[in-house]
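Enquirer: Structure for this input, please:
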Amino acid sequence: MKKKKKEKAPVSEQRFRFYPLVLSFLALLAATVVMVIAEADVLVRIEELNLFLDTPLFFKQQMVVPAGMLTWLGTYFTEFFYHPAIGASLLTVWCALLMWLIYRTFRLTPRWAPLLLLPLVLILLTDFTQGYWIYFQKQRGLMFSTVIGFNLATALTWTYRCLPPKLLLRPLFMVFTALAFYPLAGCYALLAMALMAVIDWRIGDAGIWQRAVNSLVAVLAIVFVPLGYYRQVFCQTAVEDVWRQGLPLYEVGSSVFNIYYLPYLLLALLLVILAATYARREPSELRHPLRWAVGHVAAVVIIAWGCWHFWYKDSNYHNEIRMDACIEHCDWEGILDIARQAEEPSRQMILDKYLACFKLGRAGDMMYTMRDGDKKADCPLPVTIVETGGKPLYMHYGLQNFCHRWCMEDGVEHGFRVNELRFLLRCAILNGEQQVARKYIDLLKHTRYHGEWAEHYRPLIGDSTALAKDPELGPILPLTRYENVLASDKSIIETFLIELLAHQQTDDPKCADLILMHALQSKDIPTFWRAFFQYANLHTNEPMPRHYQEAALLYGNLEHNVDISHMPFDKNVLNNYQEFMKMAQQYQGASEAEMAKVFYPRFGDTFFYNYFLRRGVKTY
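Expert: Numbering: from 1, shown residues only. Just a heads-up that it's a prediction; the model follows:
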């Protein structure tokens, strides 16, 4: 007879009591490293699109709507993203607190440790799947207010669970939670009451009628407390929104993007499920430790893969943010380095590249030497360049009134942020508005990190000599001498800049370069010739840049309205033109798309290619 295999003795789960702690620590460490390495530029940008002032008035302004305390705390902690490592560490500390509260509140044992990774992943997804929403989000301090809100809801549920059923303490605590925490935390206080009502049926230390009364109190509080606050205190809040205060608004016009609420709903559902399955769990015996370990590894891998899969990974989104940071630091070579590495750039990246080429004095030689493109943003939003990157373009092209206009519009629509205040300060200095400039400096001094930055502009106020010598604002001054016109960009900055700047008159050599650069982009021959001769007269002792030569040679041969026979074209320009035309004859009859692919390796860096084969560019 065969001997029966001896079963392995079960292993006590108590031996793995530190396993949830180790797993959570490793996950939090990985999250911090990913944020600091992969998302540092985004974190800095989020800080710029935030505002926290250490004034009583700012606090009062946040408290005029439900969940104002969450907003105040969220904006406070968001300030620390100025240093990505500090901000990311603070965010993971809040996530660690949430994981610990969930572990303690719902009495999880080591076998359920992978569940603790779900809150971390869902919090990260609420923060890092926003993409371009960071420019349009009206909910302030969102990166921290979400995790703080869920921490509060879980902590209140734990407090409720620990209360004895006697003396009506539990229903009284529900009423207290609704009345005291709804103004501070909005919907997260309502979530806490829902969790209390659910977990109350699982605690098992009260009679069925008492539990029914507790649930009724929770339902009535959830329904009527927000309505009561709406009628008596927060009357400026829309009545249909009183139950969702504290959540972000993913709305643009009449369009609502509900998919972005999915991580919030999943995290709330997880808490409800844990409350509904609550039990006095004690460490038990693990009869199959190997299966248990394999199952945990599989769960961790699936959760990690899900986090990576849904993470926002649009490379141009990061490139645009990095380019904006380079503009802020006048690092024009840095912009060109990013442009060279881009596979398919967006139009905002192209406009930033043109700005860098102009600032370096190489627009006529470099505009078309890097890959062109019009890749659409990976986002369902109707994103426009003027909203995401228009302000620095307007300011550095000397159109500070248009920069000021968009700062004011965004401030009214989304709330004034550090980004708007900094541009408003510089526009005020360029416009000679001394009192206004001092006001913005004094305002920025109430922020944690931008007071010193603002203070260094104070000596420029009213001192034209110092302003002209300033490395950032000085080069902008000659560009501010345009004809003063009242116009609308119709939210399409690229075509507006071309139409406005290509037709300007100037006696300044630098401004003439800017005008010709935009005349070249217009592809309008009469406009080009007027700007070309204006540039030539102001740069008599300088060689004509390559792309300007290419356009003059091409237009002169196309229309013969201007005699170009005596123009000293470079040999390379002449040879490229002749080879291009010869090759065009060889591919006569081919479609433009086919020709574009064939011609790009040889002529992609010329104006000839741009004029004939770069058509249908979609700006926004």
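
Enquirer: From the chain's centroid, how far away is the helix or strand harbouring I123?
Expert: Taking DSSP states H and E as the definition, one finds I123 inside helix 117-128. On the basis of CA atoms, centre = their mean, to the nearest Å, helix 117-128 sits 17 Å off its chain's mean C-alpha point.

Enquirer: Check which helices and strands the helix or strand just after it sits against.
Expert: Later in the chain than helix 117-128, the nearest helix or strand by DSSP H and E is helix 133-136. With contacts defined as 3 or more CB pairs under 8 Å, 6 or more residues apart in numbering; DSSP states H and E, helix 133-136 has these neighbours: helix 40-48, helix 385-388. In short, each C-beta sits where N, CA and C put it, glycine included.

Enquirer: export the longest one as CSV, just CAs?
Expert: Listed next in CSV are the C-alpha coordinates belonging to helix 40-48 (Å, rounded to 0.1, in the frame of the first residue of the first chain):
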residue,chain,number,x,y,z
ALA,A,40,9.1,66.2,-11.0
ASP,A,41,8.3,68.6,-13.8
VAL,A,42,4.6,68.1,-13.4
LEU,A,43,4.8,68.6,-9.6
VAL,A,44,6.5,71.9,-10.0
ARG,A,45,4.0,73.0,-12.6
ILE,A,46,1.1,72.0,-10.2
GLU,A,47,2.7,74.2,-7.5
GLU,A,48,2.8,77.1,-10.0
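
Enquirer: which helices and strands does it pack with?
Expert: In this structure, helix 40-48 packs against helix 84-105, helix 133-136, helix 315-328, helix 418-430, with contacts taken as 3+ CB pairs under 8 Å, 6+ apart.

Enquirer: pLDDT on that helix, on average?
Expert: Per-residue pLDDT over helix 40-48 has a mean of 97.

Enquirer: re earlier: let's see the helix holding I123 as PDB, backbone CA atoms only.
Expert: Presented in PDB, the C-alpha positions along helix 117-128 are these (Å, rounded to 0.1, in the frame of the first residue of the first chain):
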ATOM      1  CA  LEU A 117      -2.000  48.900  -2.000                       C
ATOM      2  CA  LEU A 118      -5.400  49.800  -3.600                       C
ATOM      3  CA  PRO A 119      -5.900  53.000  -1.700                       C
ATOM      4  CA  LEU A 120      -2.300  54.100  -2.600                       C
ATOM      5  CA  VAL A 121      -2.800  53.300  -6.300                       C
ATOM      6  CA  LEU A 122      -6.200  54.900  -6.500                       C
ATOM      7  CA  ILE A 123      -5.000  58.100  -4.800                       C
ATOM      8  CA  LEU A 124      -2.000  58.300  -7.200                       C
ATOM      9  CA  LEU A 125      -4.400  57.800 -10.200                       C
ATOM     10  CA  THR A 126      -6.600  60.600  -9.100                       C
ATOM     11  CA  ASP A 127      -3.600  62.800  -9.100                       C
ATOM     12  CA  PHE A 128      -1.600  61.600 -12.100                       C
END
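
Enquirer: Hey, what's the angle from it to helix 84-105? Just curious.
Expert: 140 degrees (axes from the mean of the first three to the mean of the last three CA atoms, to 10 degrees).

Enquirer: Check which residues of helix 117-128 are buried.
Expert: When burial is assessed from 16 or more other CB atoms under 10 Å, helix 117-128 yields the following buried residues: L117, L118, P119, L120, V121, L122, I123, L124, L125, T126, D127, F128.

Enquirer: quick one, it and helix 40-48 angle?
Expert: Computed with the same axes, to 10 degrees, the direction of helix 117-128 lies at 70 degrees from that of helix 40-48.

Enquirer: sorry, back to before: between the buried residues of helix 117-128, which is closest to S522?
Expert: F128 (39.6 Å; CB to CB).

Enquirer: CA-only coordinates of stretch 185-201, as PDB, when you get a sec.
Expert: Extracted as PDB, the C-alpha positions of stretch 185-201 are listed here (Å, rounded to 0.1, in the frame of the first residue of the first chain):
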ATOM      1  CA  ALA A 185     -14.800  68.400   4.400                       C
ATOM      2  CA  GLY A 186     -18.000  68.300   2.300                       C
ATOM      3  CA  CYS A 187     -18.700  65.000   0.700                       C
ATOM      4  CA  TYR A 188     -16.100  63.200   2.800                       C
ATOM      5  CA  ALA A 189     -18.100  63.800   5.900                       C
ATOM      6  CA  LEU A 190     -21.100  62.300   4.100                       C
ATOM      7  CA  LEU A 191     -19.000  59.300   3.100                       C
ATOM      8  CA  ALA A 192     -18.000  58.900   6.800                       C
ATOM      9  CA  MET A 193     -21.700  58.700   7.800                       C
ATOM     10  CA  ALA A 194     -22.400  56.200   5.100                       C
ATOM     11  CA  LEU A 195     -19.500  54.000   6.300                       C
ATOM     12  CA  MET A 196     -20.800  54.300   9.900                       C
ATOM     13  CA  ALA A 197     -24.200  53.200   8.900                       C
ATOM     14  CA  VAL A 198     -22.800  50.100   7.000                       C
ATOM     15  CA  ILE A 199     -20.200  49.100   9.600                       C
ATOM     16  CA  ASP A 200     -22.800  49.400  12.400                       C
ATOM     17  CA  TRP A 201     -24.600  46.300  11.100                       C
END
